[in-house]
Every structure is written in structure tokens, then in C-alpha cells.
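K.L.:
Predicted model follows, preceded by the sequence.
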Amino acid sequence: MSSRQDFTAWTETDASARITVAAESLVVAALADEETAYVTKDFGADYFAADFEVTIPFKASTGTTATDLVYIWAMANQVSQSMATAITAGTQKLLAVSFLANSTTQGGLTLREGDGTNVDTQAGTTTILTVGTQYYLRICRDESVTTFGTLYCYIYSNAAMTDLVEVISLVLDIKTDFRYMYAFSDGGLLTGAQLFSGTVGAMTLDQHPYTLEGMVGQLRTLLDEVTASYFTDPQLKLYINHAIRDIASITGCIRHIDTATVTNATRTVAFTGYKCHAVEYTPLSGSPYYLIKISPVQVSHVNANGVEPQFWYEFGSNIGIEPLPTATYASSLKLYIEDFASADMSVDTEIPQILPAFQPLIIPKALQQAFIQDNKMAAAQQMFSIYRNEMLYTMQDQLQNIPDGTLDLRFMYGV
């Protein structure tokens, strides 16, 4: 399972006291670019010797000044200097993700690699990131892609990591096993005037990113079949995709919010997805509220107070509204949708769309199906028990309980 990091156990170098360190967040306030400030952890020599995956929420605050540069994340084998100094020197082997503000309201991310002689730079994001908006980064090194591996940064706009903004990648020049990780570092532009404020949120770390190719490799290791013999790659990929669909349908961990319009004299509103979990209505005046869920047989048999929507029911790929709308209210509904993955994984470097915390469940579920194919029913039952027990625990720990409208509650979705 992924390891959630406690930043209070990390080492802070911050003479100007610009970083406030909490267990699951770093809050940076008014860091001038000539100041040195960074937070690191020593994982032990050559700890990062294989593929890894790191997830980090990140936000540059609204006070950011144009041309500010900071490092959101990095790896290195020395920590005697900030990442800004290490990048400038160019003699240290490192990987880094930097943020550069190109105005007071916008900025972008860049991937960098130091191979010991120079620093290679990826062009970075083509989609402009908005200052003041929280983004969720998934940073992966996949050593099976190209000669020395490839560094990927997936940028999402929601905590569930289902709304992908952009993917940037950097082909690596050298194979390096790292010891230290940076959770934040100054940028060191040394203009003497620029300030940065922002937050780095709860970080999770996994040694094995769940790419399609990586999961096939994990399955082959556990099945003790390094090369295809009894189990073909297409069979294992089928089991992996089946596991993803099963996890998504049972847990509802792939979620999105759709806006919809209430139409005059039309009771039904269509939605796209597996299941509608909740419906929120924004009246012409007053605060939004959740509609109360009913069954279709209750239509015209519930006490409606007024003419605006108060109840809803699900029917196929539609929801129904009670009472029957007497006016058109544009974009007045928020539909909280549970969904399947948009398509089966087919490219080796793809990563599942399900919530990262649920990705480790793919392996025991796929193993169960492989053991059934091999007529090993006892092993299959054991894998199924592990799968369901871990699923129940992860659901309780990770998923938000969305009100179904029986209580008039507000909640924050996807944060």
C-alpha cells in the first residue's frame, strides 16, 4: 500500500522561518528568492533504485509575484544545499519538478534531470496553471520506458485524480538510484524582490507505479512466471482491466460532478456515468441544497413545498425531478456521478483512472482470476478475501460520504 509521509519527521533548513511544517502540509509564506528554505528526508542509500510513484497536492497562493521559481518536489543524493543551488551547479545527479510563475495569476511546471554533467529541461506544461488553484501531482519514474527510464508528471484538478489537466514527461539520460527526497525547495533566482507563497499537501509514496506494464510485471512475479508461458500478456491485461472495472463499480471511487439544467415541464434530466449518487439544486435565491432521494413509485405521492425541485430519483441514465418543473433553470443542478474508467488500459505506460489509494487492490483481484484460470481455487479464495477486506478498509478511509438529501448538509467534494 502507499506510504503517507509525515513531514514533521523530515528535516527543515529554513533560517528565515518561511515554511510552516505540519504532518501533512508545508505552508510557505512570503519566501524571497534570495532566501534558502527546503525540507528533505533521508530514506537511506540507494532507496529509490526502481520505479516509484509520488502524489502531492500543490497550490501557489494568490500573492505570488511574476517570475517566482520554486521546486515542488525533487530527488538527490546530497542535501547540503537547496535544489536551486544544485540545479545551478549542474554537477549533482537529481530529478526535480519546478513551478515558475509567468505572471501574478499564472504559471507552469517543468521537469528537470541532472545527470552529473548538466541539467536537462523538459519544455513543461502547455496548459497554463492558475495561481490560487489547487492541483494534484502524480510523479512517476518508469525505468521500462526508454534506455534509462522516463519521468512523468500527471497534473489533475481534483483530489480523486480523475480530471487530468496535462501529462508532461522527460526521457532520462542516466540510471540513478537516489537517497534523499525534497518536499519543497527555494528557487534561488536571486533578484532580491520576488516572493512566493503556497502549500504542498499530504504526500504519498509508492515504490511501484501502477502502469499497465508494471502491473503485468507484478503479476508475473507473484505467479512465478517471469516470461509468458501459461499466462499470456493479453490474459493478464484482461484481468487487470476487469479488476479496475470491479473496483470502480463496487466502491464508486471514480467520481465527477456534472452540471445540468432543469427544463420547464420536463421531469427527466440525462446524465453520463455508471450511477448518480446525489443531486444538488441551486435555487434562484438562497443557498444550494441537496434534493431528497425517492423511488419512482413515490412520484406525485410526496409533500412538495412549492414548485422548485425538492426530490429526485434515478431511472436508467436519467434522474427524475419532483415536483414537475414549471420553469427552466440553466445549470441549476449538480449531479454527483460515480463512473467506470473511460476505456480499458491498452498502452503499457497508462495508469488506472481509479483513486490512487485503490490501485493496490488491482493486483489481488487480478491474481484471483489468474488462479481460477489455473484451477487453484483455494489460492483464488484467499486472494478474494484479501481483496474484499482491503477494499472495505480503503472505502472507509478514503471515500467521502455524500449526503443523499435526507439532511440539508453542505460538504466539500474532491478536496
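P.N.:
Arrived safely.

K.L.:
going forward, measure contacts and count neighbours with C-alpha atoms only.
P.N.:
Noted.

K.L.:
So which residues of the stretch 151-300 of the chain form strands?
P.N.:
Chain-ordered strands for the stretch 151-300 of the chain, with DSSP state E, counting those that start in this stretch as the definition, fall at 164-171, 180-186, 195-200, 204-206, 255-262, 268-270, 275-281, 289-290, 292-293.

K.L.:
Comparing those, which comes out most buried?
P.N.:
Ranked by mean neighbour count, the strands of the stretch 151-300 of the chain are led by strand 180-186 with a mean of 24 (mean count of other C-alpha atoms under 10 Å).

K.L.:
Show me how far that strand is from its chain's centre.
P.N.:
20 Å (C-alpha atoms, centre = their mean, to the nearest Å).

K.L.:
ditto for stretch 288-304
P.N.:
35 Å.

K.L.:
which one is the residue nearest in space to the middle of the chain nearest to, not counting chain neighbours?
P.N.:
With distances taken as C-alpha atoms, centre = their mean, M161 lies nearest the centre of the chain, 3.1 Å away. Of all residues not flanking M161 in the chain, L355 sits nearest, at 6.4 Å (C-alpha to C-alpha, 6 or more residues apart in numbering).

K.L.:
where's V27 relative to A183, distance?
P.N.:
11 Å (C-alpha to C-alpha, to the nearest Å).

K.L.:
N318 is in contact with A270, isn't it?
P.N.:
Yes: counting by C-alpha atoms under 8 Å, A270 is a contact partner of N318 at 4.2 Å.

K.L.:
Quick check: neighbours shared by these two?
P.N.:
Common contact partners of N318 and A270 (C-alpha atoms under 8 Å, 6 or more residues apart in numbering): none.

K.L.:
Make TSV out of the strands of the stretch 151-300 of the chain and add mean pLDDT and distance to A123.
P.N.:
Output for the strands of the stretch 151-300 of the chain, formatted as TSV (pLDDT from 0 to 100; distance: least, C-alpha to C-alpha, whole Å):
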stretch	mean pLDDT	distance to A123
strand 164-171	88	8
strand 180-186	92	20
strand 195-200	87	22
strand 204-206	84	25
strand 255-262	88	30
strand 268-270	94	41
strand 275-281	91	39
strand 289-290	90	44
strand 292-293	91	49
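
K.L.:
would you turn those into TSV with distance to A60?
P.N.:
Shown next, in TSV, are the strands of the stretch 151-300 of the chain (distance: least, C-alpha to C-alpha, whole Å):
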stretch	distance to A60
strand 164-171	16
strand 180-186	12
strand 195-200	4
strand 204-206	20
strand 255-262	24
strand 268-270	37
strand 275-281	30
strand 289-290	31
strand 292-293	38
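
K.L.:
Quick one: closest of these to M345.
P.N.:
strand 164-171 (15.5 Å; C-alpha to C-alpha).

K.L.:
Please name every helix or strand in contact with that closest one.
P.N.:
Applying 3 or more C-alpha pairs under 8 Å, 6 or more residues apart in numbering; DSSP states H and E, one finds that strand 164-171 contacts strand 106-115, strand 150-156.

K.L.:
Save the ones you listed as JSON lines, and put in distance to T125 too.
P.N.:
Listed next are the helices and strands packed on strand 164-171 as JSON lines, based on distance: least, C-alpha to C-alpha, whole Å:
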{"stretch": "strand 106-115", "distance to T125": "6"}
{"stretch": "strand 150-156", "distance to T125": "9"}
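
K.L.:
Please produce a markdown table containing the ones you listed, extended by mean neighbour count, mean pLDDT and distance to D206.
P.N.:
Output for the helices and strands packed on strand 164-171, formatted as a markdown table (neighbours: other C-alpha atoms under 10 Å; pLDDT from 0 to 100; distance: least, C-alpha to C-alpha, whole Å):
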| stretch | mean neighbour count | mean pLDDT | distance to D206 |
| --- | --- | --- | --- |
| strand 106-115 | 22 | 89 | 19 |
| strand 150-156 | 22 | 90 | 14 |
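
K.L.:
what residues does stretch 246-262 touch?
P.N.:
Contacts for stretch 246-262 (C-alpha under 8 Å, 6+ apart): 160, 162, 269, 271, 274, 325, 327-341, 353-355, 358, 361-362, 391, 395, 399.

K.L.:
do that again at 6 Å, thanks
P.N.:
Outside stretch 246-262, the residues that touch it by C-alpha atoms under 6 Å, 6 or more residues apart in numbering are 328-340, 354-355.

K.L.:
For that stretch, output the C-alpha coordinates as PDB.
P.N.:
C-alpha atoms of stretch 246-262 as PDB (Å, rounded to 0.1, in the frame of the first residue of the first chain):
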ATOM      1  CA  ASP A 246     -14.900  -4.200 -10.500                       C
ATOM      2  CA  ILE A 247     -13.300  -1.800  -8.100                       C
ATOM      3  CA  ALA A 248     -14.900   1.200  -9.700                       C
ATOM      4  CA  SER A 249     -18.400  -0.400  -9.700                       C
ATOM      5  CA  ILE A 250     -18.200  -1.500  -6.100                       C
ATOM      6  CA  THR A 251     -16.500   1.500  -4.500                       C
ATOM      7  CA  GLY A 252     -17.700   4.300  -6.700                       C
ATOM      8  CA  CYS A 253     -14.200   5.700  -6.500                       C
ATOM      9  CA  ILE A 254     -14.200   7.300 -10.000                       C
ATOM     10  CA  ARG A 255     -16.300  10.400  -9.500                       C
ATOM     11  CA  HIS A 256     -17.100  13.600 -11.200                       C
ATOM     12  CA  ILE A 257     -19.600  16.500 -10.900                       C
ATOM     13  CA  ASP A 258     -21.800  17.400 -13.900                       C
ATOM     14  CA  THR A 259     -23.900  20.500 -14.200                       C
ATOM     15  CA  ALA A 260     -27.400  20.100 -15.700                       C
ATOM     16  CA  THR A 261     -30.400  22.300 -16.500                       C
ATOM     17  CA  VAL A 262     -33.900  21.900 -15.100                       C
END
